[in-house]
Every structure is written in structure tokens, then in C-alpha cells.
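*Asks:* Take a look and give me a structure for this.
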Amino acid sequence: MSTLNVTLIQTELVWHDPEANRRRLQQRFATLAGQTDLIVLPEMFTTGFTMQPESVAEPADGPTVAWLREQAAAVGAVITGSVATKDGANYYNRLIWMRPDGTYQSYDKRHLFRMAHEQDHYSPGGRRVVVELKGWKILPLVCYDLRFPVWSRNRIGADGGYDVLLYVANWPERRRYPWQTLIKARAIENLSYCIAVNRVGKDGTGVNYTGDSAAIDFLGQSMTEPSEQELVATVTLDRAALDGFRASFPAHLDADEFQLIEPSP
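*Replies:* Numbers count the residues shown, from 1 in each chain. Model (predicted):
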């Protein structure tokens with residue numbers, strides 16, 4: 001498909017209240033039916049970035065997955081974001097990629113934020129997941145993954161290559177400059193679009209978030225206006241422009257050869 005419409009939803013989150021968050025988000029979906037191909041929500045969009053998964057984590061096919069299935073069908077678009085999930089004996093910060101037909105894929109956050117002791121409460125993922133939507137290949141990642149360029153390295157034209165790099169996040173105000181800088185760097189170095197969705201407001205631990213969600217093109221240029229408020233913004237990604245730039249500036253052909261060994265969970 002020559003274009004892809006992507007909607008970024010930057011929102012406040014009600015601390016540890018999945019039902020309230022689902023209700024608020026559903027209201028935002030109401031105007032998007034037939035208007036977009038992909039809706040991107042923040043990290044842990046049902047709870048906020050919590051280190052209490054034993055209190056709020058849902059089973060692998062729990063109520064939020066069921067809700068996403070209903071909403072994706074109603075809107076006619078893929079919906080993605082991450083949810084605190086219990087799978088077997090372990091907890092994961094799990095991104096769900098829910099399609100309108102009710103099928104879905106998931107990605108478990110690989111890089112756990114040790115400054116918040118996330119690794120003490122959640123298990124890391126062990127594999128990247130490249131998904132496809134209307135002919136576009138997309139690599140969805142979660143928050144702290146942004147700081148690790150090897151994990152997001154694009155292998156254009158090979159297995160694991162992608163056209164869009166996607167981050168869902170709860171990235172705090174005090175580190176907003178690295179967020180703003182790195183999402184541009186990831187787009188430039190990978191010759192891809194980058195979609196990055198953060199939350200706003202204050203969480204239950206007193207941490208403040210200022211959003212700065214953005215769609216970045218393959219030149220590192222922003223396609224959206226920066227905002228510290230709640231917003232719903234839809235951008236159109238252009239396949240011809242992306243392919244044309246890669247053809248005229250094929251920097252990926254000079255990339256260093258390496259093999260990415262994906263660790264076991």
C-alpha cells in the first residue's frame with residue numbers, strides 16, 4: 001500500500017485502574033472508525049508504569065486483550081500498546097499488536113529499566129517481532145528499548161528489516177531531551193519512519209510526564225507538533241517517499257556486518 005495512516009494517542013493514565021483507562025480510551029476511538037490504519041497507545045496504558053504487577057497484571061488473554069479485540073474490530077484498525085501481563089509464573093511488560101480480525105501478536109519488552117528496578121518485577125523478552133500492516137513492515141518496541149540501537153538496527157531488504165520503527169513509552173519529563181533526540185536518531189540511522197507515543201500527567205509515584213509524542217520521517221524531521229497536553233494526531237506515511245530516499249541515499253549498503261544474537265528470556 002502506498003500510504004499508511006497512523007494515529008498517536010497521547011493521554012493521561014489513571015493509576016492502577018484498567019477499567020477507567022479503557023473507558024477513557026474507548027471514547028477517543030469513537031471518531032477514528034474508518035479514518036486510520038493503526039492506533040498507537042502508550043506503554044502500560046491500563047495502569048501507568050507500575051512496579052506492582054502482582055496487584056494489577058492481567059492474564060495473557062485477559063480483559064484488556066478482549067477489549068482490544070472488540071475495539072480493533074469496531075474501529076477497523078490495528079491497535080497497539082503495552083500491558084502488564086502475567087504469563088505462567090512470570091510477569092512481562094507486553095506489547096499487544098491487535099488486528100481488526102481478532103488475531104494478534106505480542107512483543108515482551110527486552111530492556112527493563114533498572115533505575116526503577118523493573119528487572120526485579122518483570123522478565124525480559126528474548127526476541128524482536130516484525131509485524132506487517134498493508135504491506136508495511138513495522139518493528140514495535142517499548143520505552144527503554146530506545147536507548148539500545150543494536151536492538152533496533154534495521155536490516156533493509158533482509159529478514160528482520162522494517163519500514164517503521166515504533167516505540168510506546170512512559171518516558172518522564174526529567175529525561176525528555178534524550179527522548180526527543182533519540183527518536184530522531186533512530187529514524188535517521190535506520191532510514192525509516194519512527195512513531196513514538198508517550199503519556200502525559202503525573203503517575204501514582206509522583207513522576208511527571210510531558211508527552212512529546214512524535215512521528216519522525218526518515219530524514220529525522222518531525223511530522224507532528226510537540227505537545228505536553230493530551231492529543232490525538234493522525235499522520236500519513238508515504239511509501240514512495242521512503243523508497244525514493246533509500247534509493248538515492250542507500251547508506252544501509254555500507255552498514256557494518258554483524259549478527260544479532262537474540263538472548264533467551
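*Asks:* how much space is there between K184 and A214?
*Replies:* 8 Å (CB to CB, to the nearest Å). Heads up, the C-betas are built off the backbone N, CA and C, glycines and all.
*Asks:* So those two - more neighbours on which side?
*Replies:* Each of K184 and A214 has its neighbours counted (other CB atoms under 10 Å); A214 has more, 26 against 19.
*Asks:* how about the more buried one, what does it touch?
*Replies:* A214 sits next to L8, Q180, I183, C194, I195, A196, S222, M223, T224, P226 when contact means CB atoms under 8 Å, 6 or more residues apart in numbering.
*Asks:* where's the dip in pLDDT among the residues you listed?
*Replies:* Confidence by pLDDT is poorest for P226 among those, given 93.
*Asks:* Let's verify that one: helix, strand, or coil?
*Replies:* Assigned by DSSP: H, G, I helix; E, B strand; the rest coil, the conformation of P226 is coil.
*Asks:* Next: R69.
*Replies:* Criterion first, three-state DSSP; result for R69: helix.
*Asks:* What is the neighbour count of the closest residue to it other than its chain neighbours?
*Replies:* Distance criterion CB to CB, 6 or more residues apart in numbering; nearest residue to R69, sequence neighbours excluded, is G102 at 4.9 Å. When neighbours are counted by other CB under 10 Å, G102 registers 12.
*Asks:* Mind jotting down where the helices sit in the stretch 101-250 of the chain?
*Replies:* 176-190, 239-248 (DSSP state H, counting those that start in this stretch).
*Asks:* Tell me which of these is the most buried.
*Replies:* helix 176-190 (a mean of 19; mean count of other CB atoms under 10 Å).
*Asks:* Remind me what that one packs against, helices and strands.
*Replies:* strand 164-168, strand 193-197, strand 214-216 (3 or more CB pairs under 8 Å, 6 or more residues apart in numbering; DSSP states H and E).
*Asks:* now stretch 47-55: mean pLDDT?
*Replies:* pLDDT averaged over stretch 47-55 gives 98.
*Asks:* Quick check: pLDDT value at the residue nearest to R69.
*Replies:* 98.
*Asks:* Look up how far P63 lies from it.
*Replies:* For G102, the distance to P63 - CB to CB - is 15 Å.
*Asks:* doesn't K86 make contact with P59?
*Replies:* Yes: between P59 and K86 there is a contact under CB atoms under 8 Å: 5.9 Å.
*Asks:* who's more crowded, these two?
*Replies:* Neighbour count, other CB under 10 Å: between P59 and K86, K86 has more, with 17 against 11.
*Asks:* Might one say that the more buried one is in contact with D61?
*Replies:* No: applying CB under 8 Å as the test, K86 and D61 come out as separate, 11.0 Å apart.
*Asks:* would you put the C-alpha positions of stretch 159-176 in CSV?
*Replies:* The C-alpha trace of stretch 159-176 is given here as CSV (Å, rounded to 0.1, in the frame of the first residue of the first chain):
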residue,chain,number,x,y,z
ASP,A,159,15.0,-10.8,7.3
GLY,A,160,14.1,-8.5,10.2
GLY,A,161,14.1,-5.4,8.0
TYR,A,162,11.3,-2.8,8.5
ASP,A,163,9.8,0.4,7.2
VAL,A,164,8.5,1.9,10.5
LEU,A,165,10.1,1.8,14.0
LEU,A,166,7.5,2.2,16.7
TYR,A,167,8.0,3.0,20.4
VAL,A,168,5.3,3.1,23.2
ALA,A,169,6.5,4.7,26.4
ASN,A,170,6.1,6.2,29.8
TRP,A,171,9.1,8.5,29.5
PRO,A,172,9.4,11.1,32.3
GLU,A,173,9.8,14.8,31.9
ARG,A,174,13.2,14.9,33.5
ARG,A,175,14.6,12.9,30.6
ARG,A,176,12.7,14.5,27.8
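*Asks:* how about that stretch: buried residues?
*Replies:* Within stretch 159-176, the residues that count as buried by 16 or more other CB atoms under 10 Å are 161-173, 176.
*Asks:* Now that stretch: average pLDDT?
*Replies:* 97.
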